[in-house]
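Trainee: Everything below, folded, please.
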Amino acid sequence: MEDVIKFDTIGQYNAFNNNETLHPLVSVIDLSKSEIRHNARQNFGFYTVFLKEIKCGNLKYGCNYYDYEEGTLVFIGPGQVIGIENNGEYFQPHGTALIFHPDLIKGTALGRHIQDYSFFSYDIHEALHLSEGERKVIFDCIAKIKFELEHGIDKHSKTLIVTNIELLLNYCVRFYDRQFITRDVAHKGILQRFEDLLTEYFKTDKPQNLGLPSVTYCAEQINLSTNYFGDLIKKETGKSAQEYIQLKLMDVAKEKIFDKNKSVSEIAYELGFKYPQHFTRVFKQRVGYTPNEYRSLN
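Mentor: Numbers count the residues shown, from 1 in each chain. Next comes the predicted model:
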């Protein structure tokens, strides 16, 4: 297995790309200044936003159904490993990268809710594809950050830099909402596949062997990252993926309860519950009656 190149500091990644370090915790990198290099897997100890300015290629982070020529945003969270192993090919990087260390946002509003930007945990093929107008908005935010870095550090620098990073991320939330709608062809059928997956799951012995289906399990079966899948289901249904699973579980449970030859305990185990009491509690919370009460009503 090939070694992974690890970047723990902003300065390390700046040096790797022949860019000057103007601030120890944040940088806007011009990737075209980098030397021609071969493919490699990389691990980042900081948040990274890549703006790829050409269609596919260059950064080698995947080329799955890119819609726009103008630009594609790829988000990488601390600790993630990306890229492909060295296959002997060389390439010239292009585009822009915004990188910022978790220490930059400690004690700020952004630091307190950075986990809300779930796209930092999306897979590469779930990148944000920008229209021309959206690209201009993103570049405007990056330009303001770059201006602050070149201005020199003073007592206002951190507030202005972090504010503009937060503004950029908030625009990305809006643009992802747009993408969930406009990429209907790519997303078409995912909700139906989710429904079919759950239906088939409860028809087999998987609940007894694997337990209740998790959001992660369902996302993997549909070849999406957990966060992207969850966000997509939320946009489509107004419910979280976990809530959707619970509703499906209750529908199946209601059908089984009509079979009076089976005890509540048997039904609980068939559905994947380890303990019948847990099933009874969940059923009461969701339906308003215990399984036995529901059975007597019907």
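Trainee: how about the helices in the stretch 51-200 of the chain?
Mentor: For the stretch 51-200 of the chain, helices defined by DSSP state H, counting those that start in this stretch occupy the ranges 102-105, 109-113, 132-151, 157-182, 184-187, 190-203.
Trainee: So which bits of stretch 142-150 are buried?
Mentor: 142, 144-146, 148-149 (16 or more other CB atoms under 10 Å). No exception for glycine: its C-beta is placed from N, CA and C like everyone else's.
Trainee: Please apply the same query to stretch 97-109.
Mentor: 97-101, 104-105, 108.
Trainee: Looking at those residues, spot the one nearest S157.
Mentor: Nearest to S157, judged by CB to CB, of the buried residues of stretch 97-109 is L104 at 10.5 Å.
Trainee: residues of stretch 233-240 that come out buried?
Mentor: 233-234.
Trainee: May I have it exported as PDB, CA atoms only?
Mentor: Taking Å, rounded to 0.1, in the frame of the first residue of the first chain, the C-alpha atoms of stretch 233-240 are listed here in PDB:
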ATOM      1  CA  ILE A 233     -33.900  12.500   1.900                       C
ATOM      2  CA  LYS A 234     -34.600  15.500   4.100                       C
ATOM      3  CA  LYS A 235     -34.900  17.800   1.100                       C
ATOM      4  CA  GLU A 236     -37.200  15.300  -0.700                       C
ATOM      5  CA  THR A 237     -39.500  14.300   2.200                       C
ATOM      6  CA  GLY A 238     -39.100  16.900   5.000                       C
ATOM      7  CA  LYS A 239     -38.100  14.000   7.300                       C
ATOM      8  CA  SER A 240     -34.700  12.700   8.300                       C
END
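Trainee: CSV please, covering the buried residues of stretch 142-150 and showing pLDDT.
Mentor: Below are those laid out as CSV (pLDDT from 0 to 100):
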residue, pLDDT
I142, 97
K144, 97
I145, 97
K146, 96
E148, 95
L149, 95
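Trainee: Nearest to N223 among those residues?
Mentor: Checking these one by one against N223 (CB to CB), the nearest turns out to be I142, at 31.4 Å.
Trainee: List the contacts of that closest one.
Mentor: By CB atoms under 8 Å, 6 or more residues apart in numbering, the contact list for I142 reads 28, 51, 96, 98, 168.
Trainee: Of these, which belong to strands?
Mentor: Counted as lying in strands by DSSP state E, out of the contacts of I142, are 28, 51, 96, 98.
Trainee: For my notes, please list the residues you listed in a markdown table and give pLDDT for each entry.
Mentor: Output for these, formatted as a markdown table (pLDDT from 0 to 100):
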| residue | pLDDT |
| --- | --- |
| V28 | 97 |
| L51 | 91 |
| T96 | 94 |
| L98 | 97 |
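Trainee: hmm, which two among these are most spread apart?
Mentor: V28 and L51 (10.0 Å).
Trainee: shared neighbours of those two, which are they?
Mentor: Residues touching both V28 and L51 by CB under 8 Å, 6+ apart: 96-98, 142.
Trainee: Looking at G238 now. What's its pLDDT?
Mentor: Here the pLDDT value assigned to G238 is 86.
Trainee: what's the answer for the one 3 residues further on, then?
Mentor: What the model reports for A241 is a pLDDT of 94.
Trainee: for stretch 108-115, what is the average pLDDT?
Mentor: Averaging pLDDT along stretch 108-115 gives 95.
Trainee: Quick one: neighbours of A241, just the number.
Mentor: 21 (other CB atoms under 10 Å).
Trainee: I'd say L297 and Y289 touch.
Mentor: Yes: using CB atoms under 8 Å, L297 is in contact with Y289, at 6.7 Å.
Trainee: So for those two, which residue has more residues nearby?
Mentor: Y289 (15 against 7).
Trainee: List the contacts of the residue nearest the centre of the chain.
Mentor: Against the mean C-alpha coordinate of the chain, by CA atoms, centre = their mean, the closest residue is Y122 at 2.7 Å. Residues counted as contacts of Y122 (CB under 8 Å, 6+ apart) are 75, 225, 227-228.
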